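Q: fold the stuff below for me.
(chains A and B)
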Amino acid sequence: MTAQEIAIVAFAQTPAVRQYGDSEPAMLMDLTNQLLAETGLERKEIDFTIAGSCDYLSGLPFAFVMNVDGFGAWPPVYESHVEMDGAWALFEAWVRLQVGDIDIALVAGSGKSSPGKPREIFALQTNPYYCAPLGLDPVSVAGLQARALLDAGKASERDFAEVVSRSRRDGLANPNAQVAKDVSVDALLKEPYFAAPLRRHDLPPISDGAAAVLVARGERARQLCERPIWIRGIDHRIESSHLGLRDLTDSPSTRLAAEKLGVHDGPIDVAELCARYSPEEIVLRLALGLRAPTRINPSGGPLCGHPVMATGLVRVVEVARRIREGSARRGLAHATSGPALQQNLLCLLEGDA
Amino acid sequence: MAERCAIIGIGQTKYARRRGDLSMDGLVREAALRALEDADLEWKDLDAIVIGKAPDALEGVLMPELSLCDALGAVGKPIHRVHTAGSVGASTAITAATMVESGLYRRVLTLGYEKQSEGNATWALGGGRSGSQGAGGSFAPWIRNYIRRSGAPEHIGWKVAVKDRKNALRNPYAHLQMKDISIEKVKESPMLWDPLHFLESCPSSDGAAAMVLSDAEGARRAPRRPAWVIAHAKRTEFSQFPGRDTVRPLAGVDCAKALFAKAGITDPLRQIDCAELYVPFSWYEPMWLEGHLLCEEHQGWKLTDSGATELGGSFPVNMSGGVLSSNPIGASGMIRCLEAANQVRGTAGDYQVDGARVALGHAYGGAAQYFAMWIVSSEPSPSF
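A: The predicted structure follows:
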């Protein structure tokens, strides 16, 4: 069958901040209202709403239930929720619109890491019987991945620092960045280890934040905005949960998703990668075969702001922004979940020629 | 609508207070393998996996799709995770059906599970706070309000509790097997949340339920009769606000309206042969009969009282024993959808409704604010 033409018609994000003063529903309400105001749509004109969030961040089972207050759910709405990054909510919305009977979907991702300790919480992603009791946390896994890259000769500590230096400098131009700095590679390499071979700056900041997009089908997309950003495809794949069965220096799931989408059938002007730790960017670049002139993480990427559960959807927003501004025509957004890039999603976006 | 969706494989675990013989991986794999076997397919035949469960805090495993992906044959494939509170099992099935209807995925495994013995469900259901009133404590005032509004006599709740447990005796997968269940036993069981007695409440179960969904071409090639997804609908409303009708939430009414309109159903009680409704507390049978437009307001309890909802009645409800007999929360909605499919496939064994052609599967969640439903049929395009 021929895929339906579906486009992002509006996008919004909060800045990434260490602690957002208000509630998660309040963030979502702000974003929803921004999107409605920009497109002139009324709440009742949105056919389907879907969000991604994580109960565990606030330590409150059913925390996501309160988020519907932010979207506006009265009169009742057709709605769903994934316990995944908002990029997966976008995937489900895109699939839903493919059916062809509805036109407009509101998609969001939100997370407040400030109430808890992400390093402890995300240690619960590993196998509950064999691994989680050992307390293997995501920073330690990222350290193992970095070490594997060094041992395999695929990267040096200087390569990690170059990713950080470029990202943090790019973050200076991003009003939504939480941390940004003009800092040289040599200065970074003088910093002490945090989880060797990772230094503190190889890690993302702990952030609160949210992102949201409005997507629409076919003609409706053209009516709602001047420059729709067309979703040419979304694909996601997962790898084994057993770290010992994986080559941590590679990302075959990302490569497979790229093949399915035909990412390399045209030039990629911009790629926003959900590289939470600097070595992850190197793994993804290698797996995707990205090189100049493709611009990687011009927003500064997750190293400048990591609102968990929105970080992936923010990548989509950042690519969409560049296509709308005209600095890119075809771009790739990446989202990830799990230890050491276990699960990966790619979204291929394109502006009108 | 790009593609039609059909259920071509069904698999369930035995539901029990504690499945100490299986890890979470083993539990989901048991249901998934049975669904694959029923469809005569192998792991490699699946294009995607969609799983659902209630809050991660129930077992203390964060984003369990990550650790379960190996057991579910998902490596190298998309695995998608839905969470919509108690309605999640049905929402998950609907997301999977949508993936098939989109034309992007031809065969999708969908699965719901909960292993409540590895956590503290009542703690989690109370929002993770100590001193939780439990789910029954949230619903009891609304049930009392229903009784006041409808004038229902108190024995209605007891009757549902007995009916569903008797039905469960015909279902080998059901958790509760109460051979000596009786009205007397129900009303003499401890009062938990007035008017709900202990035996009017659902159990806490371990279990997993799975379905293989396919496009029309796969359904034609399937070894056993498929069940066709005729329509599905979901609606959500706020948890609370002044003036909210908690007895007959508008989201439930709207959801049923959308569902019946899509299916072309104009007289649901006559045109639908049987229903698996999410009834975790006895009184929700008459409440949902009314709240989902299966009968007029204040008439639901009369339908229950008349025996119409019994196996052999004119509109059987929860033939499998329902949530009152097995409740692995994240799977409970999936089980409702799957048992509706069992009826129209003619694979419901000793609790088969003779000649069932059209069946309703339903779940609700949160503060009775999330609704997910589907209608399945033995025919791809049943006329009414």
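
Q: for the helix or strand bottoming out on mean pLDDT in chain B, which positions count as buried?
A: In chain B, no helix or strand scores lower on mean pLDDT, DSSP states H and E than helix B:121-125, which sits at a mean of 78. The neighbour-count check on helix B:121-125 (16 or more other Cβ atoms under 10 Å in any protein chain shown) flags B:A121, B:W123, B:A124, B:L125 as buried. All C-beta atoms are positioned from the backbone trio N, CA, C, and that covers glycine.

Q: one more: stretch B:190-198?
A: So, applying 16+ other Cβ under 10 Å, buried residues of stretch B:190-198: B:L192, B:W193, B:P195, B:L196, B:H197.

Q: ok, residues contacting it?
A: Residues from elsewhere that reach stretch B:190-198 (Cβ atoms under 8 Å, 6 or more residues apart in numbering or on different chains): B:133-134, B:136-137, B:139-140, B:143-144, B:147, B:154, B:157-158, B:161, B:186-187, B:189, B:201, B:281-283.

Q: any idea of the mean pLDDT in it?
A: For stretch B:190-198, mean pLDDT is 97.

Q: per-residue pLDDT of the closest residue to chain A within the stretch 201-350 of chain B, please?
A: The nearest approach of the stretch 201-350 of chain B to chain A comes at B:A251, 3.7 Å away (Cβ to the nearest Cβ). Looking at B:A251, its pLDDT is 98.

Q: from chain B, how far out is the residue of chain A most remote from its centre?
A: Computed with Cα atoms, centre = their mean, the residue of chain A farthest from its C-alpha average is A:P75, at 30.7 Å. As judged by Cβ to the nearest Cβ, to the nearest Å, A:P75 and chain B stand 7 Å apart.

Q: so that residue, which of the three states?
A: Following DSSP: H, G, I helix; E, B strand; the rest coil, the label given to A:P75 is coil.

Q: residues touching it, list them.
A: Contact analysis of A:P75 by Cβ under 8 Å, 6+ apart lists A:K44, B:E237, B:L250, B:D254.

Q: which SSE is immediately downstream of the helix or strand where the last one lies?
A: Taking DSSP states H and E as the criterion, the element that holds B:D254 is helix B:250-263. Per DSSP H and E, the first helix or strand lying C-terminal to helix B:250-263 is helix B:268-271.

Q: what about that next one, distance to the chain center?
A: 20 Å (Cα atoms, centre = their mean, to the nearest Å).

Q: pull out the buried residues from that helix.
A: Going by 16+ other Cβ under 10 Å, helix B:268-271 has these buried residues: B:P268, B:L269, B:Q271.

Q: average pLDDT for that helix?
A: 98.

Q: what's in contact with it?
A: So helix B:268-271 is contacted by B:A256, B:F260, B:I265, B:L293, B:L294, B:C295, B:S314, B:F315, B:V358, B:L360, B:F384 (Cβ under 8 Å, 6+ apart).

Q: tell me how many other residues crowd the fifth one.
A: Residues lying near B:L294 (other Cβ atoms under 10 Å in any protein chain shown) number 23.

Q: same check, this time on the third one
A: A count of neighbours around B:I265, defined by other Cβ under 10 Å, yields 22.

Q: quick check: closest non-adjacent residue to it.
A: Excluding the flanking residues, the one nearest B:I265 by Cβ to Cβ, 6 or more residues apart in numbering or on different chains is B:Q271, at 4.9 Å.

Q: low-confidence ranges in the stretch 1-150 of chain A?
A: Applying pLDDT under 70 to the stretch 1-150 of chain A picks out residues A:1-3.

Q: for it, what spans make up the strands?
A: A:6-13, A:48-52, A:79-82, A:104-112 (DSSP state E, counting those that start in this stretch).
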